[in-house]
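Chemist: with the input below, show me the fold.
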Amino acid sequence: MSTATLHEAALLVELTIRQWTATRHDKAVSREVEDAHHAVHAGRYTKTLVDKKLLEPLAKAAQAIRKWHYAQTLPWSDNGTRLLPSRLLMDYRDRLHKLIVEFDRAAGEFCAEYPNAIQAARTRLGSMFDLSDYPQAATLRQAFGVELDFTPIPSASDVRLKIAGDEQEEIKNSITEAVHARHARALRGCYEQLRTLLLRVKEQCSRDSPVIRTSLMGNLREFLNVISAFNITGDAQLAQIEDDIRRNVLADADTLRASSHARAGIAAATEAILRKMPV
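Modeler: Modelled structure (predicted):
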């Protein structure tokens, strides 16, 4: 597949989730501990400013966003930017919108409870309480947020620099090579996710008395539902592996729980597929 076609078949997305950490380094207490033990630069004491339970709904909402984001995208660059196939864009955005609404709701509820949380901290932290550690209630809501940045995949044809022809061609070639290298990395990421899921199936089905959870096959099915979209360049090996898994590995959890023979068959089929996968 050419860079131009890849440019049309996917885009890049960067997810940022902002959260107040609700912690603060207490320099005074850190010094007291060091003085008590005659130590120097021995560590840092970090205070938890509010009851952790108050932040649990936000943490769960943020984790749900990240889980969906990673399930629908592949790694692209070291800065967190990921590759999103255009075929998945609408489902990705629709589901993410609902998850962000839940995150915003949790943030609003926390901010409403914030004044009470500060009062409770006065008792919980004792002499370590310092009101200056806490953001103003009026500005706290700004500490929570979810941002998405969509950008096209760089294309050599977009280069319009006023430089010598040879230098411009060199830059275009560099862009093309970088895009191909990063797409290869994304494809490796797809194989790695698939390998992890298959190893889990093999491990469980190879045990004498396994605990077969519905998620064992459920997670594999979910990944197979997007793998064809991830296979942007039409990698024949990946397509064949997908077909092999659907034919020979996917099974009903109840059947696997009840039958050691069925588990042995799935373990053998999974092992055969794993041997075919690129290292």
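
Chemist: how close does Gly108 sit to Glu177?
Modeler: Using Cβ to Cβ, to the nearest Å, Gly108 is found at 47 Å from Glu177. For glycine as for every other residue, the C-beta is placed from the backbone atoms N, C-alpha and C.

Chemist: revised request: answer the last question for Leu216.
Modeler: Leu216 sits 40 Å away from Glu177, going by Cβ to Cβ.

Chemist: and Arg188, which helix or strand is it part of?
Modeler: Taking DSSP states H and E as the criterion, Arg188 maps to helix 165-205.

Chemist: for that helix, packing partners?
Modeler: helix 3-9, strand 74-75, strand 82-85, helix 214-230, helix 236-248, helix 260-276 (3 or more Cβ pairs under 8 Å, 6 or more residues apart in numbering; DSSP states H and E).

Chemist: I'd like the ones you listed laid out as TSV, including mean neighbour count, distance to Ser206 and mean pLDDT.
Modeler: Output for these, formatted as TSV (neighbours: other Cβ atoms under 10 Å; distance: least, Cβ to Cβ, whole Å; pLDDT from 0 to 100):
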stretch	mean neighbour count	distance to Ser206	mean pLDDT
helix 3-9	16	38	70
strand 74-75	21	29	90
strand 82-85	21	33	94
helix 214-230	17	13	93
helix 236-248	15	16	94
helix 260-276	16	5	95
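
Chemist: domains of the protein?
Modeler: Domain assignment of the chain by automatic domain parsing yields the ranges 3-152, 177-276.

Chemist: quick one: Leu148 is in a strand?
Modeler: Yes - judged by DSSP: H, G, I helix; E, B strand; the rest coil, Leu148 forms part of a strand.

Chemist: that one touches Glu14, doesn't it?
Modeler: Yes - the pair Leu148 / Glu14 is scored as a contact, 7.4 Å apart, by Cβ atoms under 8 Å.

Chemist: who does the helix or strand of the chain with the lowest mean pLDDT touch, helix- and strand-wise?
Modeler: Every helix and strand of the chain was ranked by mean pLDDT, DSSP states H and E. The lowest is helix 3-9, at a mean of 70. The contact analysis (3+ Cβ pairs under 8 Å, 6+ apart) places helix 3-9 against helix 165-205.

Chemist: give me the mean pLDDT for the helix it packs on.
Modeler: The average pLDDT for helix 165-205 rounds to 82.

Chemist: what's the angle from that helix to helix 214-230?
Modeler: 160 degrees (axes from the mean of the first three to the mean of the last three Cα atoms, to 10 degrees).

Chemist: so who does the residue nearest the centre of the chain touch?
Modeler: Nearest to the mean C-alpha position of the chain, by Cα atoms, centre = their mean, lies Tyr70 at 3.8 Å. For Tyr70, the contact set (Cβ atoms under 8 Å, 6 or more residues apart in numbering) comprises Arg82.

Chemist: now it: which helix or strand?
Modeler: Here Tyr70, judged by DSSP H and E, is contained in helix 56-72.

Chemist: what of Ile17?
Modeler: Element membership for Ile17 (DSSP H and E) is strand 10-18.
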